[in-house]
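Novice: Sequence first, then the predicted structure, then my questions.
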Amino acid sequence: MPEPDPDHALIPPIPARLPAKVRCLRCGRLLHDPESRMLRLGRECRRPPAPIRVLPGDQDPLPGLSAQD
């Protein structure tokens, strides 16, 4: 028996046929697009999340931390 390829050991096998109803893993909507169905993520859910906004301004130091270190 041939040795398994370590580079491909973690890649799940692609099913020969997808189920009739495939839902998005994030939002639960039914998927219709073949690519979305294979990835099990809708187009909107594949986008990266919105960046975190950091507002400028002074902040109080955390208790127990000195500003001179």
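Specialist: Looks like it came in fine.

Novice: And the longest helix seen in the chain, what does it pack against?
Specialist: The helix of greatest length in the chain, counted in residues with DSSP state H as the criterion, is given as helix 34-39. Where contact means 3 or more C-beta pairs under 8 Å, 6 or more residues apart in numbering; DSSP states H and E, helix 34-39 is packed against helix 43-46. For the C-beta atoms, the positions are set from N, CA and C on the backbone; glycine is no exception.

Novice: Could you pull up the mean pLDDT of the helix it packs on?
Specialist: For helix 43-46, the mean per-residue pLDDT is 89.

Novice: so where's this protein uncertain?
Specialist: For the chain, residues meeting the criterion pLDDT under 70 lie at 1-16, 65-69.

Novice: mind running it again at 50?
Specialist: The chain contains residues with pLDDT under 50 at 1.

Novice: in terms of contact, does residue 41 touch residue 24 like I think?
Specialist: Yes: applying C-beta atoms under 8 Å, one finds residue 41 in contact with residue 24, separated by 5.8 Å.

Novice: Could you pull up phi and psi at residue 23?
Specialist: Its backbone dihedrals place residue 23 at phi -110, psi 150, with angles given as degrees, to the nearest 10.

Novice: That concludes my questions; thank you for your assistance.
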